[in-house]
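Visitor: my questions concern the predicted model and sequence given below.
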Amino acid sequence: MNIILLGPPGAGKGTQARILVEEHGMVQLSTGDMLRAAKESGTEMGDIVADVMARGALVTDDIVIGLIREQLNTVNANGFIFDGFPRTLAQADALTNLLAAEGESLDAVVEMEVDDDALVARITARSTCGDCGEVYNDNTKPQPADGKCSNCGASDFRRRADDNEESLRTRLMEYYKKTSPLIGYYYAKGMLTKINGLGEIATVKAAIDKALS
Ligand code: AMP
């Protein structure tokens, strides 16, 4: 099964994708994670995207489509979860073509709805384990008191440079302007299921399972 988790920054796409990976052996393809890795390893592409990402703007379609193409060409999976991709209609069309080239297609698009106030609250409280990517929230899932990640035991907690109010404003505007048209696009294709992304992690997970069953 190949699915897209669609939703604004902070909707919980990454958290839910990780659960799907664990439970169903699917592979998570997060363009945000790929771009952050490129930035950290100091590749030429990483240098090009660093400033764009810090501002909260979108990286060019060519770059992210290239990243996804490379993964689809090289990774064998029992289904992909697209997390943070596609973010524009051009990316959505490219994804259809890339999957078709592999003899695959998209099975479902799950739209995670969360209101803006909740997004701001979530994002400003968010941190992740730098080693395994486990996501923490200062209010609902604080970092363990012993300073070690509950998933992998590492003690390298990070906050994203773009998780601040100013870039968040840009990221939300980019979402409404360029990404939200995908909701209508996939609805028209009969592929969209909307779920409430506001609840507890387990409640949202159950809603996603139902949408995919
Ligand atoms: P994310 O981790 O999905 O929130 O992405 C972090 C940042 O990476 C975004 O604010 C964009 O600057 C960039 N980015 C990630 N995915 C895409 C995409 N599909 N298209 C354009 N830019 C992206």
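Guide: That came in fine, so what should we check first?

Visitor: what strand or helix carries Gly133?
Guide: Using DSSP states H and E, Gly133 sits within no helix or strand.

Visitor: surely it is in contact with Arg18?
Guide: Yes. The pair Gly133 / Arg18 is scored as a contact, 6.9 Å apart, by Cβ atoms under 8 Å. Quick note: C-beta positions are derived from backbone N, CA and C, even for glycine.

Visitor: ok, the residue of the chain most remote from its centre - contacts?
Guide: Relative to the centre of the chain, the most outlying C-alpha is that of Asp146, 28.4 Å out, by Cα atoms, centre = their mean. Contacts for Asp146 (Cβ atoms under 8 Å, 6 or more residues apart in numbering) come out as none.

Visitor: which residues of the protein lie near the ligand?
Guide: With the criterion set to Cβ under 6 Å from any ligand atom, the chain comes near the ligand through 9, 31-32, 35, 52-53, 56-59, 64, 84-85, 87, 91, 162, 171.

Visitor: 5 Å - rerun?
Guide: Pro9, Thr31, Gly32, Leu35, Met53, Leu58, Val59, Val64, Gly84, Phe85, Arg87 (Cβ under 5 Å from any ligand atom).

Visitor: in the chain, what secondary structure element scores lowest on mean pLDDT?
Guide: helix 116-124 (a mean of 89; mean pLDDT, DSSP states H and E).

Visitor: list of residues touching that helix?
Guide: Contacts of helix 116-124 (Cβ under 8 Å, 6+ apart): 8-12, 114, 137, 139, 163-165, 168, 172, 198.

Visitor: before we move on, back to that, farthest-separated two in the residues of the chain next to the ligand?
Guide: Pro9 and Val64 (15.3 Å; Cβ to Cβ).

Visitor: give me the residue from this structure nearest the ligand.
Guide: Gly32 (2.0 Å; Cβ to the nearest ligand atom).

Visitor: run a quick neighbour tally on that residue.
Guide: Gly32 has 19 neighbours, counted by other Cβ atoms under 10 Å.

Visitor: residue boundaries of the strands in the protein?
Guide: Ranges of strands within the chain are 3-6, 27-30, 80-83, 108-113, 126-129, 135-137, 157-158, 192-196, based on DSSP state E.

Visitor: mind putting these into CSV with mean neighbour count, mean pLDDT and distance to Val204?
Guide: What follows is the strands of the chain, written out as CSV (neighbours: other Cβ atoms under 10 Å; pLDDT from 0 to 100; distance: least, Cβ to Cβ, whole Å):
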stretch, mean neighbour count, mean pLDDT, distance to Val204
strand 3-6, 26, 98, 11
strand 27-30, 20, 96, 16
strand 80-83, 24, 97, 14
strand 108-113, 20, 97, 7
strand 126-129, 20, 94, 16
strand 135-137, 17, 91, 13
strand 157-158, 16, 94, 23
strand 192-196, 17, 97, 7
